[in-house]
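> Sequence first, predicted model second:
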Amino acid sequence: MKMLEIKNLHAKIDGKEILRGINLTVNAGEVHAIMGPNGAGKSTLSNVLTGREGYEITQGEVIYKGENLLELEPEERARRGVFLAFQYPVEIPGVSNIYLLKAALNAVRKHQGLEELDAIDFLTLVRSKMQLVKMDEQFLHRSVNEGFSGGEKKRNEILQMALLEPELAILDETDSGLDIDALRTVSEGVNALRNSDRSIVMITHYQRLLDYIVPDYVHVLSEGRIVKSGDKELAKELEKSGYSWVHDAPEPEGQPA
Amino acid sequence: MKVLTDIHTDFAAVAASRDVMVEENSRWHTLRQQAKAQFERNGLPGRKEEDWKYTSLWQLGQEQFKHQVSQPGHADIYDLQLVEDAYRLVIVDGRVDFTASSIDNLPAGLTVSPLSQAIERASEFLNQQINIEKPGFNALNTMLMNEGIFIEVAANSQIDKPIELIVVNTGRTEHYAMHLRNVIVMNESSQATFIETYAGNDNANGLTEVITEINLAESAELFHYKLQREALDHYHIATIAAKQAANSKWHNSNISLGGKLARNDVHSQLLGEQSHVTLNGLYLVTGEQHVDNHTRIDHAVPNTTSDEMYKGVLDQQSHAVFNGKVIVHKDAQKTDANQSNRNLLLSRGCEIDTKPEMEIYADDVKCGHGSAVGQINEDQLFFLRARGLDEISARSLLTFAFAVDVIERISNQELKKSITAVIEKRLPKGGNHE
């Protein structure tokens, strides 16, 4: 089953074209890694997919489970099962983590026609998910990400993912700012969430994350286009030779100029 | 009928129509005469006065208020009380509603009474905290006040329940002005909680004009909460002034939901060593409301502390003013004073004038202040929406999160809960954020 189809996607920000014809198909259960140097358009891609304001889509379309994703508000995408693990999770002083988790879960459940969980069922569920990312319960009662270390913030993102059980998860530079122990914990959390119905798109600069979360496919993004696709071996090649060669790569076939 | 600026010319008629009998040659009588003379001379302050630079009283001065009612309206107190169990005095349209009040079974050491029934004792404390020579409401209030609450807590008494004052302008009489004076006397080592609520029906378009004078003797402690939640067309002018002896503590929270014009002057004089004041404030205004908070803390002696946090949320075309003055007097060494004012603007049409002022005449002190004006953080908003919250709920949640630390500072849990509920109703979209 096709989860996500990106067809010839072009996007601008402040009049500057950043995405210049992206084509990508992600099937249910697949894990794709999108790699690329700084400025290749990685963050723009994740922002456009999740609906952040400020981007102008000039061409192309994105189909998510048969629906036009780009027509939906960010919250509508979230409720339909699209999840973004933020590169820089924001701190929200004054909003407790537990409130956020509950509000987010109930928004999804409401969309699915399910009843809100009562306090006891909710807490039981959250506790089981917290074990997955080795988070202490005290984090529930602290303000969202406030005073969290880099690793704690990323674990908190994966906790949200575990709770919301998205169908399509986009992990934006999830490895950035993590030491090896935190990277391992976060990766284990993500791996535990891999299944045949859930697709994951990992956006990353470095190959290191892919040692822990092994992708089915690897794509190289450069200057707003996917210039090369392959399996996990491609990532290793990149690790060895860097990104410099991709600029010289020929235009992929079948792309409009 | 006279406009408010000329009310002194009608003073005899207004005073004569009052219930309260003020005896000739009493202290109160003398004060009234002095106040009348002062008001005649100075009237209401204009915008040339530094304290009134951003708040115009012109329209208020032109209103033809009625200063007495023949028949008070009815108020549903149950919806207004912030705690269930309290020693409670209810004033509706300027008169004490004894049926709604509960001041019959007071514990030893506590006096709670309508001001009109405690004239002799209260008179001793009148105008100790305020100066009628300044143009404005101190003189007006001294001239016209005829009701309020009188509280006295005996030395070493700790009062078990909050004392709650509820003042309602029902709007039954159009353009009705209430002039109230509250007097709170906290004797040595006494402790109490005082909650005052000013409310009104939606159609009330009058004036509530109130001065609260507080005496804190040595080691006395007062937890003091004020909630102003009158109608959109109502005027509210208030002064809260306290004198604090050594080792006394005053914790004041001042929550304003605005009106046509709401002004608070909050003043603490730290006159004894080791005395402390906390001033917390929150104002939430929308539409064309105007709210103005002027605070002043005098550190008059060494080793005193103050902690002030005022926060404001402004929406639509509203206007807020904050002026926080902290004066560290000569020789007031080891003063520790901290002040902040932060504002959240929810629309482009609103205006905030914020001015923290510190005047420091001592050299060994620790003083800090800051003010900030900001908007809803777009990254936070996107984050919440990316987690499935609709935009209005997300904005409402972030607004509440901005205000929450003022609410967190309320130590009485029941009160915290009821004030939270009142505030949530005033957010862009009411909701439960606990």
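Okay, I see it. Residues are numbered from 1 along each chain as shown, chains lettered A, B, ... in the order given.
> what does chain A have sitting close to chain B?
With Cβ under 8 Å from any Cβ of the partner chain as the criterion, chain A comes near chain B at residues A:50-53, A:73-75, A:77-79, A:84, A:86, A:89-90, A:92-95, A:99-100, A:103-104, A:107-108, A:111, A:143, A:160, A:164. Every residue, glycine included, has its C-beta placed from N, CA and C.
> In PyMOL, how would I select just the buried ones from the residues you listed?
Only the buried entries of those go into this PyMOL selection, using 16 or more other Cβ atoms under 10 Å in any protein chain shown:
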select buried, chain A and resi 50+51+52+74+75+77+78+79+84+86+89+90+92+93+94+95+99+100+103+104+107+108+143+160+164
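> Now do residue 82: how many residues are near it, please.
I went with chain A, as the question did not name one. 26 (other Cβ atoms under 10 Å in any protein chain shown).
> that's the wrong chain, I meant chain B
Count around B:Leu82 with other Cβ under 10 Å applied: 22.
> residue contacts, the residue of the stretch 151-257 of chain A found nearest chain B?
Residue nearest to chain B within the stretch 151-257 of chain A (Cβ to the nearest Cβ): A:Gln160, separated by 6.7 Å. Residues near A:Gln160 by Cβ atoms under 8 Å, 6 or more residues apart in numbering or on different chains: A:83, A:85, A:100-101, A:104, B:387.
> ok, those vs B:Ala139, which is closest?
Of all these, B:Ala139 sits closest to A:Leu100, with 52.4 Å by Cβ to Cβ.
> these two touch, right, A:Leu210 and A:Glu237?
No. Contact criterion Cβ atoms under 8 Å: A:Leu210 and A:Glu237 do not qualify, at 11.9 Å.
> Which one of the two is surrounded by more residues?
Just comparing A:Leu210 and A:Glu237: by other Cβ under 10 Å the higher neighbour count belongs to A:Leu210, 23 against 15.
> Name the nearest residue to that one, ignoring sequence neighbours.
A:Ala235 (4.9 Å; Cβ to Cβ, 6 or more residues apart in numbering or on different chains).
> about what we covered before: restricted to helices, list the contacts of A:Gln160.
The helices, defined by DSSP state H, take in A:100-101, A:104 from the contacts of A:Gln160.
> which non-adjacent residue is nearest whichever residue of the stretch 51-200 of chain B sits closest to chain A?
As assessed by Cβ to the nearest Cβ, chain A sits closest to B:Leu82 within the stretch 51-200 of chain B, at 21.9 Å. Spatial nearest neighbour of B:Leu82, chain neighbours left out: B:Ser418 (4.5 Å); criterion: Cβ to Cβ, 6+ apart.
> Doesn't the one you found lie inside a strand?
No. Under DSSP: H, G, I helix; E, B strand; the rest coil, B:Ser418 falls outside any strand and is assigned helix.
> That one: neighbouring residues, count only.
So B:Ser418, with other Cβ under 10 Å, has 19 neighbours.
> Check what pLDDT it gets.
Listed pLDDT for B:Ser418 reads 96.
> now B:Gly370
Per-residue pLDDT puts B:Gly370 at 92.
> Tell me how many other residues crowd it.
B:Gly370: 10 neighbours (other Cβ under 10 Å).
> quick one: buried residues of the host helix or strand of it?
Using DSSP states H and E, B:Gly370 sits within strand B:366-374. By 16+ other Cβ under 10 Å, the buried positions in strand B:366-374 come out as B:367, B:371.
> Which strands and helices lie in contact with it?
Under the contact definition 3 or more Cβ pairs under 8 Å, 6 or more residues apart in numbering or on different chains; DSSP states H and E, strand B:366-374 sits against strand B:319-328, strand B:336-345, strand B:351-360.
> what's the last one packed up against?
With contacts defined as 3+ Cβ pairs under 8 Å, 6+ apart, the packing partners of strand B:351-360 are strand B:305-314, strand B:319-328, strand B:336-345, strand B:366-374.
> Give me the three-state assignment for residue 22.
Let's take chain A. Per three-state DSSP, the local secondary structure of A:Ile22 is strand.
> Touching, it and A:Arg225? I think so.
Yes. If you go by Cβ under 8 Å, A:Ile22 and A:Arg225 touch, sitting 6.5 Å apart.
> so where do the helices sit in chain A?
Assigned by DSSP H, the helices in chain A fall at A:42-50, A:74-79, A:97-111, A:119-132, A:150-164, A:180-192, A:208-212, A:232-241.
> could you give the mean pLDDT of the second one?
The one in question is helix A:74-79. Across helix A:74-79, the average pLDDT comes to 97.
> and if you look at the fourth one?
This predicted structure assigns helix A:119-132 an average pLDDT of 93.
> Name the residues of that helix that come out as buried.
For helix A:119-132, the neighbour count (16+ other Cβ under 10 Å) marks A:122, A:126, A:129-130, A:132 as buried.
> Might you list the low-confidence residue ranges for chain A?
A:245-257 (pLDDT under 70).
> Residue nearest the middle of it, spatially speaking?
Nearest to the mean C-alpha position of chain A, by Cα atoms, centre = their mean, lies A:Ile170 at 1.5 Å.
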